[in-house]
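In: below are the sequence and a predicted model for it; my questions follow.
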Amino acid sequence: MKHSKRYEQAYSMFDRQKRFDLDEAIKVLKSLPASKFDETVEVHFNLGVDPRKADQQIRNSLVLPHGTGKVVRVLVFAEGDKAEEARQAGADYVGLEDLLEKITGGWFDFDMVIATPNLMGKIGKLGRVLGPRGLMPNPKDGTVTMDVIKAVNEAKGGKVTYRVDKFANLHMPAGKLSFEDAHIRENIKTILSAVIKERPATLKGVFLKSITLCTTMGPGVKLQVASATLVAKS
């Protein structure tokens, strides 16, 4: 894969073999050549789990204290009073049959889907199109709920859902590069704390194999796992 000149320049500006503590890593990201847009800071984990085992499939959600910096378009499947609650909470799209038809037709101009439990029977058929995009509502991450006001508020306020992939990797946004260093740090600390708590009780051996920070278009900066663990517990 051929990288841009900016990427190649950034790649050469720090020691690729070094493992940085969190504060150092954030400073490295901030020091790299700027892009034309406000890049997202991303956290990537490689875990020592076997995703094929049911008790080692990690899926959950968290709310970043300083948000993601992204305007989140929220779609809510609800009817009656719950539909009105969703609209008042600020959901971008609310309904049922009309939305089912639009999505079946290939419309995906939204970032998160919330649904009330009583409608999941009708929504289930969308699993084949929403599932691969990570948009299918699920009780485990709080997107299947009767408390649509809370769900919409969290989605708009910085909620991040995550799920381990088949290679035992987790990928999460941690805000924008333009955020203050302290805010990026607090967001990442929240992510680290949440992931550490996900360690399966049955797992033997190393859980956090590697942690890498990067921006949308930039090279990865590896963290010291032991140091990151201390940050999470501080």
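Out: Received it, and whenever you're ready, just let me know what you need. Note that the coordinates shown come from a computational prediction; the quantities given were computed from them, not determined experimentally.
In: mind jotting down where the strands sit in the protein?
Out: 40-47, 59-63, 74-77, 93-95, 112-115, 159-163, 169-176, 208-215, 221-222 (DSSP state E).
In: what's the average pLDDT for the third one?
Out: What that stands for is strand 74-77. When pLDDT is averaged over strand 74-77, the result is 98.
In: before we move on, back to that, just name the most buried of the strands of the chain.
Out: strand 74-77 (a mean of 28; mean count of other C-beta atoms under 10 Å). Where you see a C-beta, it was placed from the backbone N, CA and C, and this is true even at glycine.
In: what pairs with that one, and is each one parallel or antiparallel?
Out: strand 93-95 (parallel), strand 112-115 (parallel) (DSSP bridges).
In: remind me which residues of this protein are low pLDDT?
Out: Low-confidence segments of the chain, defined by pLDDT under 70, span residues 1-3.
In: remind me, longest helix of it?
Out: Longest helix of the chain, by residue count under DSSP state H: helix 181-196.
In: buried residues, it. List them.
Out: 183-192, 194-195 (16 or more other C-beta atoms under 10 Å).
In: same question for stretch 49-62.
Out: For stretch 49-62, by 16+ other C-beta under 10 Å, it's 49, 51, 56, 58, 60-62.
In: what does that stretch contact?
Out: Stretch 49-62 is touched from outside by 47, 138, 140-143, 159-168, 170, 190-191, 194, 198, 200-203, 207, with contacts defined as C-beta atoms under 8 Å, 6 or more residues apart in numbering.
In: can you rerun that using 6 Å?
Out: Identification of contacts with stretch 49-62 by C-beta atoms under 6 Å, 6 or more residues apart in numbering yields 140-142, 159-161, 163-164, 166, 168, 194, 198, 200, 202.
In: again with stretch 202-216
Out: 25, 29, 39-42, 44-46, 48, 55, 177, 199, 220-223, 225, 228.
In: again, only using 7 Å
Out: 25, 29, 39-49, 55-56, 177, 199, 220-223, 225, 228-229 (C-beta atoms under 7 Å, 6 or more residues apart in numbering).
In: so how far is that stretch from its chain's centroid?
Out: Relative to its chain's centre, stretch 202-216 lies at 15 Å (C-alpha atoms, centre = their mean, to the nearest Å).
In: between the two ends of that stretch, what distance do you get?
Out: 34 Å (C-alpha to C-alpha, to the nearest Å).
In: export the contacts of stretch 49-62 to JSON lines and tack on distance to K122?
Out: Shown next, in JSON lines, are the contacts of stretch 49-62 (distance: C-beta to C-beta, whole Å):
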{"residue": "K140", "distance to K122": "20"}
{"residue": "D141", "distance to K122": "20"}
{"residue": "G142", "distance to K122": "20"}
{"residue": "K159", "distance to K122": "24"}
{"residue": "V160", "distance to K122": "27"}
{"residue": "T161", "distance to K122": "22"}
{"residue": "R163", "distance to K122": "23"}
{"residue": "V164", "distance to K122": "29"}
{"residue": "K166", "distance to K122": "29"}
{"residue": "A168", "distance to K122": "34"}
{"residue": "A194", "distance to K122": "32"}
{"residue": "E198", "distance to K122": "31"}
{"residue": "P200", "distance to K122": "33"}
{"residue": "T202", "distance to K122": "36"}
